[in-house]
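Undergrad: 3D, please:
(one chain, ligands or ions: 1)
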Amino acid sequence: MACEVKTTCPYCGVGCGVIARVGDDGAVSVKGDPEHPANFGRLCSKGSALAETLDLDGRLLHPEIGGRRAGWDEALELVAERFSQAIAEHGPDSVAFYVSGQLLTEDYYLANKLMKGFIGSANIDTNSRLCMSSSVAGHRRAFGSDTVPGTYEDLELADLVILTGSNLAWCHPVLYQRLAAAKASRPEMKVVVIDPRRTMTADIADMHLAIAPDGDVALFNGLLAHLASSGAVDQDYVSANTNGFTEAVQAAAALDLPSLSDVTGLTQKQLRDFFRLFETTEKVVTCYSQGVNQSSAGTDKVNAILNCHLATGRIGRPGMGPFSLTGQPNAMGGREVGGLANMLAAHLDIEKEIDRDLVRRFWGATAVASKPGLKAVDMFRAVADGRIKALWIMATNPVVSMPDADAVEAAIKACPFVVVSDMQRHTDTARHAHVALPSLGWGEKDGTVTNSERRISRQRAFLPAPGEARADWWQLAEVARRMGFDEAFSHASQSAIFAEHAALSGFENDGRRDFDIGAHAAIEPAAYNDLAPFQWPQPKGTAPQGTRFFAKGEFYHADGRARFIAVQAPQARRANEAFPYTLNTGRVRDHWHTMTRTGKSARLSSHLAEPFVEIHPRDAQNIGVSDADLVVIESPHGSAVVRALVTDRQAEGNLFVPMHWNDQFASKARIDALVAPLTDPFSGQPASKNVAVRAKRF
Ligand code: SF4
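TA: You can find the predicted model right below:
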């Protein structure tokens, strides 16, 4: 019988509501949910093609051990036994989970609970480390919490929207549509795009600043110094709510205008115009994404931006604030449950005994991790050098997406025991699994996700589980029980996990922590099923409401005050004589991650059919390449062969190659094989936007 189900798109961090319709003949169609507050009915090309990606071709439908079909009992017993054995022989830090922003919050919650509360290690990290961990670190330094202060509506209410390191038009398309519509209805609204490439997003920009790679700290430091010297600082807000203003301004003033021009690659006039526009516009939103986060100075970049909003008090009020755009559908949910190796659950701090004790008591935990675990790049180093004896990878494909991907593949191949939970049977990572566990995909799984504006929405199942595929949370609970942790992993359903997650968020909270959804601590399955999208916080006893943070201060450092962070512009240039070009990696409009789903849609694949390199005409001429020629790109870590796309949208000296293609779709196209495993010192996020490479005709 035909049915319609309200659910959420599984791709980007906008988190659009989708209505999926299953017809009498079983055919699925999708449309945007007009009542969902993220998208009000809109969908982008990826979201509207969701029904084209649901076939079972290539799916992993049964557990496998060493490539042969196995039963669930046998597979789960083996996973529990090998993890228990490694822990007994080598200690809890000899095992690791590498998970994903594709997981639902309920899956993520149990993975984190098992590793940090019962195995006793914090060696659980996530592909969100590659996505927005610099924003987390920057928020925590400035605010004392990982809090996104504003909402999507702020982009529509602002008079100036700055998009830095964000190709919003392709990477968060529905939010871009909302911004473009707001600008069309209020032409006085200004948009500034800061990006070395003139992307599609720049097409609506009043000002495009083609900044030099990693020039952002210098730019926003220059802005802070300008605000301080031009009388634009909100002295009342700064003195009532912050610490460290003087030191931050001193550091920011280190470069004069000519030096700033050198470092940023922008003209002095461009700098003056940008500074003046920010200074004279009260309602400013600064959005930032991977161009800021994926840097060896990503956390400093985030804090340089936050400094400018704190200095002007433009934070948490309608149309004002810094805004971190998350790449993945549930990167935020992962942050809430403590999916990063340096976080605990519910935004608690793993480095504070009081927080570890709280979790210990709430979970009845037997072995709470006492220190942060290995962040993604370090985790795979530990796999490579033999410290990790058992590794469980869930819903992600690190052989394609990790920096230094060839070395990561070699490490996984050499690991004594690798479990992969995935929907697909033949990913570049799954082929190295000792045990492969079939997971549910979109339309089959059921739980919650949180989008970039802290809005929690339901993903609902509308298709039967194919073959023997099971939910990731079920797999985790079954292994946990077999490891002897029966009582703490006896959840009957995803709604019971969500209720526990909500209860932990409100446990002994009293406003001490930003993340509090205690209102749902006793949610029953029927109410969980009907749960409407809502933004956190929603403490016990409150009704859902639109929320912003920090208009009146009330930060989460112990003294309630925010911190300005004094930051210095990094040495940004990595290109050298041997590797003279700067490689920048990123997304295209119509593909998602390593294409295991979007690659199934002929419509999506026709937008850009092959992996390519955007190269400036003069650079193309210098290496003797014409449009559509094949180009070899090499770094000290690896090489790739891609098609030349000659365009002056690309700045001279820079190359852009998309991150999606892998050995399933094109040979020698895993661009992350070239990316150095160089990370930000605070967040551990890899620097995927500034890689020294050379290029030549194939
Ligand atoms: Fe899905 Fe993002 Fe597109 Fe919305 S904007 S439909 S969440 S991919």
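Undergrad: Which of the three states applies to the closest residue to A569 other than its chain neighbours?
TA: In this structure, A569 finds its nearest non-sequential neighbour in A218, 3.8 Å apart by C-beta to C-beta, 6 or more residues apart in numbering. Placement of C-beta: from N, CA and C, glycine included. What DSSP: H, G, I helix; E, B strand; the rest coil gives for A218 is helix.
Undergrad: Which pLDDT value goes with A218?
TA: pLDDT recorded at A218 is 97.
Undergrad: okay, now the closest residue to V292 other than its chain neighbours: neighbour count?
TA: Leaving aside its sequence neighbours, V292 sits nearest to G165 (C-beta to C-beta, 6+ apart; 4.0 Å). Residues near G165, counting by other C-beta atoms under 10 Å, number 26.
Undergrad: which residues does the residue nearest to A569 contact?
TA: Counting by C-beta atoms under 8 Å, 6 or more residues apart in numbering, A218 touches L255, L260, V263, T264, A569.
Undergrad: How about the closest residue to the ligand within the chain: what's its closest non-neighbour residue?
TA: Residue of the chain nearest the ligand, by C-beta to the nearest ligand atom: G47 (2.4 Å). Among residues not flanking G47 along the chain, C9 sits closest, at 4.5 Å (C-beta to C-beta, 6+ apart).
Undergrad: Against A70, how distant is the one you found?
TA: Distance from C9 to A70, counting by C-beta to C-beta, to the nearest Å: 33 Å.
Undergrad: the more surrounded of these two?
TA: More crowded of C9 and A70, by other C-beta under 10 Å: C9, with 29 against 19.
Undergrad: tell me the contacts of the more buried one?
TA: G15, C16, G17, V18, L43, K46, G47, L50, P329.
Undergrad: got it, and Q328?
TA: For Q328, the contact set (C-beta under 8 Å, 6+ apart) comprises C12, G13, S100, G101, Q102, N127, S128, C131.
Undergrad: same deal with W363?
TA: Taking C-beta under 8 Å, 6+ apart as the test, what W363 contacts is K113, G117, F118, A488, L504.
Undergrad: Tell me the confidence at it?
TA: 97.
Undergrad: Show me what secondary structure element comes after the helix or strand K269 falls within.
TA: Per DSSP states H and E, K269 falls inside helix 268-280. Sequence order places strand 284-288 as the next helix or strand after helix 268-280, per DSSP H and E.
Undergrad: Show the average pLDDT along the helix or strand just after that following strand.
TA: Sequence-wise, the next helix or strand downstream of strand 284-288 (DSSP H and E) is helix 290-293. For helix 290-293, mean pLDDT is 95.
Undergrad: Mind listing residues that contact helix 290-293?
TA: Helix 290-293 has contacts (C-beta under 8 Å, 6+ apart) with 131-135, 164-166, 171, 194-195, 216, 298, 301-302, 305, 324, 327, 586, 683, 685, 688-689.
Undergrad: so which strand or helix has A640?
TA: Secondary structure assignment for A640, by DSSP H and E: strand 639-646.
Undergrad: Run me through the strand neighbours of that strand, direction for each.
TA: Using DSSP bridges, the strands paired with strand 639-646 in its sheet are strand 612-615 (parallel), strand 630-634 (antiparallel).
Undergrad: now for those, which one comes closest to V359?
TA: strand 630-634 (45.6 Å; C-beta to C-beta).
Undergrad: need the residues of the stretch 151-300 of the chain near the ligand, please.
TA: Proximity of the stretch 151-300 of the chain to the ligand, by C-beta under 6 Å from any ligand atom, involves residues H172, P173, V174.
Undergrad: Likewise for the chain?
TA: So the chain meets the ligand at 9, 11-12, 14-16, 39, 43-44, 46-47, 172-174 (C-beta under 6 Å from any ligand atom).
Undergrad: Save the residues you listed as a markdown table, and put in secondary structure, distance to A469 and pLDDT too.
TA: A markdown table is the format used below for these (DSSP: H, G, I helix; E, B strand; the rest coil; distance: C-beta to C-beta, whole Å; pLDDT from 0 to 100):
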| residue | secondary structure | distance to A469 | pLDDT |
| --- | --- | --- | --- |
| C9 | coil | 20 | 97 |
| Y11 | coil | 20 | 95 |
| C12 | coil | 24 | 94 |
| V14 | coil | 27 | 97 |
| G15 | coil | 24 | 97 |
| C16 | coil | 25 | 98 |
| N39 | coil | 28 | 98 |
| L43 | coil | 26 | 98 |
| C44 | coil | 27 | 97 |
| K46 | helix | 23 | 96 |
| G47 | helix | 23 | 96 |
| H172 | coil | 30 | 97 |
| P173 | helix | 30 | 97 |
| V174 | helix | 29 | 98 |
